[in-house]
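Participant: fold the following.
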Amino acid sequence: MKIAVTYKDGNVFPHFGHTEQFKIYDIEDGKIVKEQVVDTNGNGHGALAGILSELNVDSLICGGIGAGAKTALAEAGIRLYGGVDGSADKAVDAFLAGNLVFNSDIHCDHHDHHEEGHSCGEDKHSCGGNGCV
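Facilitator: Numbers count the residues shown, from 1 in each chain. Okay, the predicted model is just below:
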């Protein structure tokens, strides 16, 4: 099994479509046997599901995510665990222990406009509860 996490500076990056890196965890017998950080090379949104599929990822842990990306992941057979924040390593540990707190209904409802104090892609804004692409 392979788990990917949207990644920046050790934490779950809050915007799937803007992530510049994934941390990939290879799992065997319920334990992490390999970890690697993979750059997205400037690809975003729809291309990211393809990158994960090429890496044979089974599950994705992320912060916010939009409907189009959710559809692309589902079509690639990648299970989604959205609405997660904090340490990427701790999130994967929680996933493996069966107690990861996530939001199965995560969605992005403000992607195409900019609210005061919100700008998708800025690290200081966490969309874990609202969802951003």
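Participant: so, low pLDDT: which residues of the chain?
Facilitator: For the chain, residues meeting the criterion pLDDT under 70 lie at 44-46, 107-133.
Participant: helices of that one, start to end?
Facilitator: Under the criterion DSSP state H, the chain carries helices at the ranges 46-54, 67-75, 88-97.
Participant: okay, the ones you listed in JSON lines with distance to Phe13 next?
Facilitator: Backbone N, C-alpha and C define where each C-beta goes, glycine included. JSON lines is the format used below for those (distance: least, Cβ to Cβ, whole Å):
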{"stretch": "helix 46-54", "distance to Phe13": "11"}
{"stretch": "helix 67-75", "distance to Phe13": "13"}
{"stretch": "helix 88-97", "distance to Phe13": "9"}
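Participant: quick one: which of these is nearest Tyr81?
Facilitator: Taking Cβ to Cβ, helix 88-97 is the member of those nearest to Tyr81, at 6.8 Å.
Participant: would you put the C-alpha positions of the closest one in CSV?
Facilitator: C-alpha atoms of helix 88-97 as CSV (Å, rounded to 0.1, in the frame of the first residue of the first chain):
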residue,chain,number,x,y,z
ALA,A,88,2.1,14.6,8.0
ASP,A,89,3.9,11.8,9.8
LYS,A,90,1.4,11.9,12.7
ALA,A,91,-1.5,11.8,10.2
VAL,A,92,-0.1,8.7,8.6
ASP,A,93,0.5,7.1,12.1
ALA,A,94,-3.1,7.9,13.0
PHE,A,95,-4.3,6.4,9.7
LEU,A,96,-2.4,3.2,10.3
ALA,A,97,-3.8,3.1,13.9
